[in-house]
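**Student:** this is a predicted model, with the sequence first.
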Amino acid sequence: MPCRYSSDVSQYVLVRPPRAPCGNRRLFGFPIVKKELWNLGTIAFHQIQPDKTLPDNYSFLAMNSLSFLKVYLRLRLCSMARGKVVGDSRSIPSECVSSGEVLLLVLWRDTESEATCPTQSQVYSLEKKLRRSPGWWVEIPVRIYVHFESRSADTFGFQQF
């Protein structure tokens with residue numbers, strides 16, 4: 001992983017890669033599938049609240065896994081994004097790739113300050129659980145699809161005057 005250490009030996013200072021030719025941000029993180037994230041979220045929930053029972057609600061886990069993981073590992077940044085592969089793709093599990101895009105667990109972005117870099121132990125903990133190394137990715141911006149329909153005013157119950 002391209003990094004150097006700060007004066008606090010446990011803190012990574014990631015070496016920012018050059019900006020992608022398309023101008024998109026670079027992301028540092030792990031390729032992941034949603035089921036892995038939910039498993040990590042379950043582990044984190046039980047570490048954060050050992051005396052509580054995880055609600056038997058799939059939506060609850062899906063909505064809160066990132067938050068549980070962020071609190072448990074004390075991450076400053078923990079989010080999901082889609083990215084393009086930069087370099088060799090052989091180390092990426094095929095289940096993490098869909099339509100040429102990789103689902104990512106993002107720990108840092110090249111637009112963030114160095115103070116938000118993950119620590120060595122935070123990265124190692126995830127490497128151990130996911131059994132893969134983190135890397136740099138080019139962010140694929142979120143696409144929003146909007147569908148417009150043309151309707152006449154009387155369709156909505158309005159009368160024309």
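**Tutor:** Perfect, thanks for sending it. Numbering: from 1, shown residues only.

**Student:** need the pLDDT of residue 44.
**Tutor:** Note for residue 44: predicted pLDDT of 91.

**Student:** on the three-state scheme, it is what?
**Tutor:** Under DSSP: H, G, I helix; E, B strand; the rest coil, residue 44 falls in the helix class.

**Student:** how many residues are close by the closest residue to residue 118 other than its chain neighbours?
**Tutor:** With sequence-adjacent residues excluded and distances taken as Cβ to Cβ, 6 or more residues apart in numbering, residue 118 is closest to residue 107, at 4.6 Å. In short, each C-beta sits where N, CA and C put it, glycine included. For residue 107, the neighbour count with other Cβ atoms under 10 Å is 26.

**Student:** looking at this, residue 107 is in a helix?
**Tutor:** No - counting by three-state DSSP, residue 107 is located in no helix; its state is strand.

**Student:** confidence score at it?
**Tutor:** 94.

**Student:** could you do the one 4 residues further on as well?
**Tutor:** Taken from the predicted model, the pLDDT recorded for residue 111 is 86.

**Student:** so who does residue 31 touch?
**Tutor:** 92, 93, 96, 97, 102, 103, 104, 105, 132, 135 (Cβ atoms under 8 Å, 6 or more residues apart in numbering).

**Student:** what about the last one, distance to residue 73?
**Tutor:** Just to be clear, that refers to residue 135. The gap separating residue 135 from residue 73 is 18 Å, by Cβ to Cβ, to the nearest Å.

**Student:** and for the closest residue to residue 28 other than its chain neighbours, the neighbour number?
**Tutor:** Using Cβ to Cβ, 6+ apart and skipping residues adjacent in sequence, the residue nearest residue 28 is residue 108, 4.2 Å away. A count of nearby residues for residue 108, using other Cβ under 10 Å, gives 25.

**Student:** which residues touch residue 108?
**Tutor:** The neighbourhood of residue 108, defined by Cβ under 8 Å, 6+ apart, consists of 14, 27, 28, 29, 77, 116, 117, 118.
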